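In: Quick one, structure for this:
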Amino acid sequence: MLRTGRRGATPLVSVAIVPAQGPGRIGISASVKVGGSVKRNRARRLVREYYRKAYRNAAPYDIVVNLKPGFAELSADEVRKALDEALSKAIATGKHPGRCPHPVR
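Out: This next block holds a predicted model:
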C-alpha cells in the first residue's frame, strides 16, 4: 500500500492513502520517539476517535498514519487540525506515487 499510496505530511504526522476496495480502514504507527506507552496509546486513541467521527463512513480510503515526536502532547482539537491538514494534502496530491521502487540493474 505504501508504494502506491498518495502522501501528505505535517511536522507532527504523515499519512499515506490509497482508494479502498471495500469500507475504508486505518492503520496507525507510533514509535518510541512519540513517547512512552501511555502517551503512544493516548495518541492512537485520539487518531482512532478522529477517524471514527470524520471518515469512517465518508471516505473510501485505506489510511496509514505515522505519528511523529510531539504528537502525543496535542489536544483533541489540535489532533483534528493536524490530521485534516495531512489528509487534505494527500488527497490533493493527485496521482503522485508514494515510495518509488529502485530500478533493477
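In: quick one: low-confidence ranges for this structure?
Out: Flagging of the chain using pLDDT under 70 yields the residue ranges 1-2, 56-59, 94-105.
In: Apply 80 and report the result again.
Out: Along the chain, segments meeting pLDDT under 80 span 1-4, 55-60, 93-105.
In: all helices of it, in order?
Out: Using DSSP state H, the helices found in the chain span residues 37-54, 76-92.
In: For the closest residue to Glu49 other than its chain neighbours, give me its contacts.
Out: The shortest distance from Glu49 to any residue other than its chain neighbours is 7.4 Å, reached at Ala76 (C-beta to C-beta, 6 or more residues apart in numbering). Using the backbone N, CA and C atoms, a C-beta is placed for each residue, glycine as well. If you count contacts by C-beta atoms under 8 Å, 6 or more residues apart in numbering, Ala76 has them with Leu46, Glu49, Tyr50.
In: what's the answer for Lys89, then?
Out: When contacts are counted by C-beta under 8 Å, 6+ apart, Lys89 touches Arg7, Gly8, Ala9, Thr10.
In: Quick one, which of those are buried?
Out: Arg7, Gly8, Ala9, Thr10 (16 or more other C-beta atoms under 10 Å).
In: which residues touch Leu46?
Out: If you count contacts by C-beta under 8 Å, 6+ apart, Leu46 has them with Leu74, Ala76, Val79.
In: The last one: neighbour count?
Out: It stands for Val79. The local packing count at Val79 equals 20, with neighbours defined by other C-beta atoms under 10 Å.
In: That'll do, ta.
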